[in-house]
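# Dropping a prediction and its sequence here:
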Amino acid sequence: CLGSSNPRPPNQAMVKHNNVVPNGHFKKDWENRVRTWFNQPARKLRRRENRIKKALRVAPRPVAGPLRPSVRAPTARYAMKLRAGRGFTLDELKEAGVSKIEARTLGIAVDHRRRNHCEESLKLNVQRIKEYRSKLVIFPRKAGKPKAGDSTAAELAAAKQFKGTLLPIEKESKRVRARKVTAEEKAFKAVRTMQSARDNARLEGVRQKMARDKAEAASK
């Protein structure tokens, strides 16, 4: 604007309608409102010391905590992903031959609310429990007085505290790599196979009735 004594800066946009021009004084006492991260090195050291204390406190048990099941994430959007769940179901423990009270003493998490909706998840987690028990070293409650089911003295001497993820969940890859088409696949008629399946489903009742009528006529 020509002749103006106080021109508006080019990077400041004018407001719409009859509103106040933004002129916030955000530089006042900024040092009291800014967030710093100067304590991060000390926090890093504190977290490391806490991990060491926890490992000593739970020894000889694994540092990662109890064994968790392999479950599908909720909703159809994430159902293809496998992740660690809260605990094993009662059916999974029963199939693996472990009671719910004994499971907690062996470091196996239990979730009495979760249910198995398919045979695949049941078998997968039962196999997970059996694999865990095959690698488990059980210490006696009283030193020098082992009971049935406890590990031998040689296994106890060689036992070390496990650090890391307990039985990491292997994420299956559904990627199909390129390959040559076989002669059997070339000879396969997909459209004709689908048409034949639809015809068989549609004529199933008619064919059964014809077979019954034929059998009744032969019996007379």
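Noted; the coordinates are in hand. Numbering: from 1, shown residues only.
# rest of the way, CA atoms for contacts and neighbours
Fine.
# looking at this, residue 71 is in a strand?
Yes - applying DSSP: H, G, I helix; E, B strand; the rest coil, one finds residue 71 inside a strand.
# tell me which residues form a beta bridge with it?
residue 83 (DSSP bridges).
# count of neighbours near it?
By other Cα atoms under 10 Å, 21 other residues sit near residue 71.
# in the worst-scoring helix or strand of the chain on mean pLDDT, what's buried?
Taking mean pLDDT, DSSP states H and E as the measure, the chain has helix 30-33 as its least confident helix or strand, at a mean of 80. Residues of helix 30-33 classed as buried: none (neighbour count, 16 or more other Cα atoms under 10 Å).
# and it, how far from the chain's centre?
43 Å (Cα atoms, centre = their mean, to the nearest Å).
# now stretch 127-146
25 Å.
# Could you do stretch 211-220 as well?
In terms of Cα atoms, centre = their mean, the centre of stretch 211-220 is found 58 Å from the chain centre.
# Give the rounded mean pLDDT of the longest helix seen in the chain.
What stands out as the longest helix in the chain, according to DSSP state H, is helix 40-58. Regarding helix 40-58, the rounded mean pLDDT is 95.
# Now for the one residue sitting closest to the centre of the chain: which residues touch it?
The residue lying closest to the centre of the chain (Cα atoms, centre = their mean) is residue 83, at 0.9 Å. The neighbourhood of residue 83, defined by Cα atoms under 8 Å, 6 or more residues apart in numbering, consists of 70-73, 169.
# likewise residue 138?
106, 149-151, 156.
# Of these, which count as buried by neighbour count?
Judged by 16+ other Cα under 10 Å, buried ones among the contacts of residue 138: 106, 150.
# out of the contacts of residue 138, which are inside helices?
residue 156.
# Would you reformat the contacts of residue 138 as JSON lines and include pLDDT and distance to residue 90?
Below are these laid out as JSON lines (pLDDT from 0 to 100; distance: Cα to Cα, whole Å):
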{"residue": "106", "pLDDT": "92", "distance to residue 90": "15"}
{"residue": "149", "pLDDT": "76", "distance to residue 90": "21"}
{"residue": "150", "pLDDT": "83", "distance to residue 90": "24"}
{"residue": "151", "pLDDT": "83", "distance to residue 90": "26"}
{"residue": "156", "pLDDT": "84", "distance to residue 90": "30"}
